[in-house]
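Q: this one's structure only:
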């Protein structure tokens with residue numbers, strides 16, 4: 001069951017940048033937490049990665065780490081990622097164990 005999903009997009013024609021980045025997190029039927037990441041150039045096959053996490057807090061930490069990395073890629077790409085859609089944004093609310101969501105996301 002997907003608890004959290006966010007779709008990011010970086011699109012700049014002059015720089016020939018057209019990228020998509022999807023992060024989904026949730027529990028499987030056995031209660032394990034899974035973070036799935038799909039990314040690549042828009043219009044191409046792209047890549048898919050799945051991470052099995054021990055707890056919900058580990059899943060939140062991984063999602064926040066990935067979002068932070070996307071935020072830092074502005075220098076490399078020349079354009080930042082924009083949020084196209086988000087589901088379950090309340091799931092990333094700050095707790096006393098995990099840092100807050102990066103500003104701008």
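A: Sure thing, it's come through. Only a predicted model underlies this, so the values are computations on that prediction, with no experimental measurement involved.
Q: All the strands of this structure, residue numbers only.
A: In the chain, the strands defined using DSSP state E lie at 2-12, 17-27, 33-41, 47-53, 82-87.
Q: for the first one, what is the average pLDDT?
A: This means strand 2-12. Computed over strand 2-12, the mean pLDDT rounds to 91.
Q: Next, the buried residues of it.
A: For strand 2-12, a neighbour-count test (16 or more other Cβ atoms under 10 Å) marks 3, 4, 5, 6, 7, 8, 9, 10 as buried. Quick note: C-beta positions are derived from backbone N, CA and C, even for glycine.
Q: now for that strand, which elements pack on it?
A: If contacts are counted by 3 or more Cβ pairs under 8 Å, 6 or more residues apart in numbering; DSSP states H and E, strand 2-12 sits against strand 17-27, helix 56-72, strand 82-87.
Q: Show the pLDDT at residue 103.
A: In this prediction, residue 103 has a pLDDT value of 49.
Q: what's the neighbour count on residue 53?
A: 18 (other Cβ atoms under 10 Å).
Q: wouldn't it be in contact with residue 32 here?
A: Yes. Residue 53 is in contact with residue 32 according to Cβ atoms under 8 Å; the separation is 7.3 Å.
Q: that older thread, save the strands of the chain as TSV, and put in distance to residue 68 too.
A: Formatted as TSV, those follow (distance: least, Cβ to Cβ, whole Å):
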stretch	distance to residue 68
strand 2-12	12
strand 17-27	12
strand 33-41	14
strand 47-53	16
strand 82-87	14
